[in-house]
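**Q** Predicted model follows, preceded by the sequence.
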Amino acid sequence: MAQGQFLRNLIIETPSKPGNLGKVTMAIGQLNGDIGDIQTIKVGTLSTIREIALQCNDQEHLAEIVVAIENLKQGIKVQAVTDDVLQMHEGGKIHMKATHEIRSLADLRRVYTPGVASVCKTIQEDPEQANYFTGISNTVAIVTDGTAILGLGDIGPVAGMPVMEGKAVLFDQFVGISGIPILLDTSDPDEVVETVKHIHQGFGAILLEDIGSPHCFEIEERLKKELPIPVMHDDQHGTAVVALAAALTACKHVRVELANASVGQIGLGAAGLAISRMFMAYGVAEMKGTDPNPHAKEMLAEYGGTVVETMEEIMETCDLVIATTGVANLIKPEMIRKGQIILALSNPNAEISPEIALEAGAAYAADGRLVNNVLGFPGIFRGALNANAKSISYPMLIAAALAIVDSTKRDDLVPHPLDPNVHINVALAVEKVVYEEQENE
Ligand SMILES: NC(=O)C1=CN([C@@H]2O[C@H](COP(=O)(O)OP(=O)(O)OC[C@H]3O[C@@H](n4cnc5c(N)ncnc54)[C@H](O)[C@@H]3O)[C@@H](O)[C@H]2O)C=CC1
Ligand SMILES: CC(=O)C(=O)O
Ligand SMILES: [Mg+2]
């Protein structure tokens, strides 16, 4: 387990006297535990109970921290250690909700039979009416075959469901889109394409998620060609959009033109190849890339990138390095050169933690928690659906990246994902491009 990826909550009881919380936080800090939110659960005359969110390295590290707190004595106790992440997943994270409540028989007859039949006939006569009288145009299928779930690899679609439900939560909360996970028990491109084609009528767009490379490329390409609705593989293009935005902002901070910077990509899978293509489309003169897989390198060369045999060469020659390998701690501190920009984007564990990269001399460093496609895909789909786009184009993606740059506060690399402005701005920028494209058709 990489540093700081083990999340637990400590329920701590202390005597109700000033200074005790400080002793507890000091004990945690001395052992390099990372404290998140602190909530006061109860303030009694004699004792106070607080819940402290903690990120540590692993079970052993957690046990050390618990012992250190218990050793403070003077009435300070760890009452319980809870696993909030697991608790949050009990029963799943999503639920289909009705937009109307049935309070009377009359409501029942409007919502369901016999009233509903007239709406069915309206749609039968004019299928476009489905956009107004059903939720189809606001619903996105989140399709996975489970072959590249985060950086966990091919763990299957059911094990990947918590990620798909997570994407649906983000869709709902950030842009009001209903996301429906679709779990496929096949990775065969013919079968995936056929299946998605057969179900697409119930959706306004298709988000492909955590489908591994190289089959993800053929699947997306074919679906884009064969379906009349937007299709986007988030790990490719959502990630590329956000990586471009972060790179543009970092370059602005160090007063370098991205187009003139030497950029290197470690890992040429779904995310890495799309990032490389996006950077070249943006105007980066030479995009270097490496991957142990010969086919991945061939693909980079086909797109006009420069294949490099080792990641060491990338680290030695590039000002901006992006990594999407799924391999935790792949980049060693001694490989970092002073002033480099390092975007180590693998989840759940980065190729190098930003703290270590910065300590080793990087000018800017971020991981996949910060530079995450959550900043892109909700607004991209909102904009595409609002403007009734038939597909997602490069200009739409570039506009999304620039909107993320514009939504970034001074001194930050990317916006905060809970800042609603970023999703609104991305949606508006994408929508504008669609309208321009429609006018030029
Ligand atoms: N921060 C974000 O928003 C996102 C992060 N990611 C992360 O990126 C990682 C990769 O995801 P995908 O591209 O979808 O997977 P993928 O399986 O398509 O690609 C991974 C690539 O890394 C290569 N690789 C493995 N070890 C390597 C090494 N030592 N040096 C160079 N290349 C190496 C593999 O050969 C493969 O081509 C995952 O950890 C995922 O969580 C993916 C999408 C979004
Ligand atoms: C964020 C994301 O999509 C991934 O890590 O796969
Ligand atoms: Mg993903």
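**A** Perfect, thanks for sending it. Model, not experiment: these values are computed from the prediction. Numbers count the residues shown, from 1 in each chain. Ligands and ions are numbered 1, 2, ... in the order given.

**Q** List the strands paired with the host helix or strand of G289, with their directions.
**A** Applying DSSP states H and E as the criterion places G289 in strand 287-290. Paired strands of strand 287-290, with direction, are strand 263-266 (parallel), strand 306-307 (parallel) (DSSP bridges).

**Q** for it, the distance to its chain's centre please.
**A** 23 Å (Cα atoms, centre = their mean, to the nearest Å).

**Q** measure A384 to ligand 3 for me?
**A** 19 Å (Cβ to the ion, to the nearest Å). Using the backbone N, CA and C atoms, a C-beta is placed for each residue, glycine as well.

**Q** when you give positions from now on, start the count at 40
**A** Let's use 40 as the start, then, which means that last one is A423.

**Q** Could you look up the SS state of that residue?
**A** Using DSSP: H, G, I helix; E, B strand; the rest coil, the structure places A423 in helix.

**Q** doesn't A438 make contact with it?
**A** No. Between A423 and A438 there is no contact, the gap being 11.3 Å when judged by Cβ atoms under 8 Å.

**Q** what's the overlap in contacts for the two?
**A** In the contact map built from Cβ atoms under 8 Å, 6 or more residues apart in numbering, the residues linked to both A423 and A438 are V469.

**Q** more crowded one of the two?
**A** Comparing A423 with A438 by neighbour count (other Cβ atoms under 10 Å), the higher total belongs to A423, at 27 against 24.

**Q** which residues sit in contact with the nearest residue to R316 once chain neighbours are set aside?
**A** Once flanking residues are discounted, R316 sits nearest to Y342: 5.3 Å by Cβ to Cβ, 6 or more residues apart in numbering. If you count contacts by Cβ under 8 Å, 6+ apart, Y342 has them with 312, 315-316, 319.

**Q** do that again at 7 Å, thanks
**A** 315-316, 319 (Cβ atoms under 7 Å, 6 or more residues apart in numbering).

**Q** Looking from ligand 2, tell me which residue of the stretch 290-439 of the chain is nearest.
**A** N386 (3.6 Å; Cβ to the nearest ligand atom).

**Q** So for the residue in the chain that ligand 1 sits nearest to, what's the pLDDT?
**A** Proximity to ligand 1, evaluated over the chain using Cβ to the nearest ligand atom, is greatest for G308 at 1.7 Å. Reading off the per-residue confidence, G308 sits at a pLDDT of 96.

**Q** Tell me how many other residues crowd it.
**A** By other Cβ under 10 Å, the residues close to G308 number 23.

**Q** Does stretch 425-440 reach ligand 1?
**A** No. Figure legend: stretch 425-440 not in contact with ligand 1 (Cβ under 6 Å from any ligand atom); closest approach 13.1 Å.

**Q** Contacts for that stretch, please.
**A** 263, 267-269, 271, 276, 279-280, 283-284, 317, 320-321, 415, 418-419, 423, 465-466, 468-474, 476.

**Q** gap between that stretch and the chain center?
**A** Stretch 425-440 has its C-alpha centroid displaced from the chain centroid by 18 Å (Cα atoms, centre = their mean).

**Q** Going by neighbour count, which residues of it are buried?
**A** If you call a residue buried by 16 or more other Cβ atoms under 10 Å, then stretch 425-440 has these buried ones: 425-426, 428-432, 435-440.

**Q** Quick check: end-to-end length of it?
**A** Start to finish, the residues bounding stretch 425-440 are 18 Å apart (Cα to Cα, to the nearest Å).

**Q** next one: stretch 285-305
**A** Its start and end residues considered, stretch 285-305 measures 17 Å (Cα to Cα).

**Q** Can you give the distance of that stretch from its chain's centre?
**A** 21 Å.

**Q** Pick the most deeply packed of the strands paired with strand 326-329.
**A** Per residue and on average, the most neighbours among these fall to strand 302-305, with a mean of 28 (mean count of other Cβ atoms under 10 Å).
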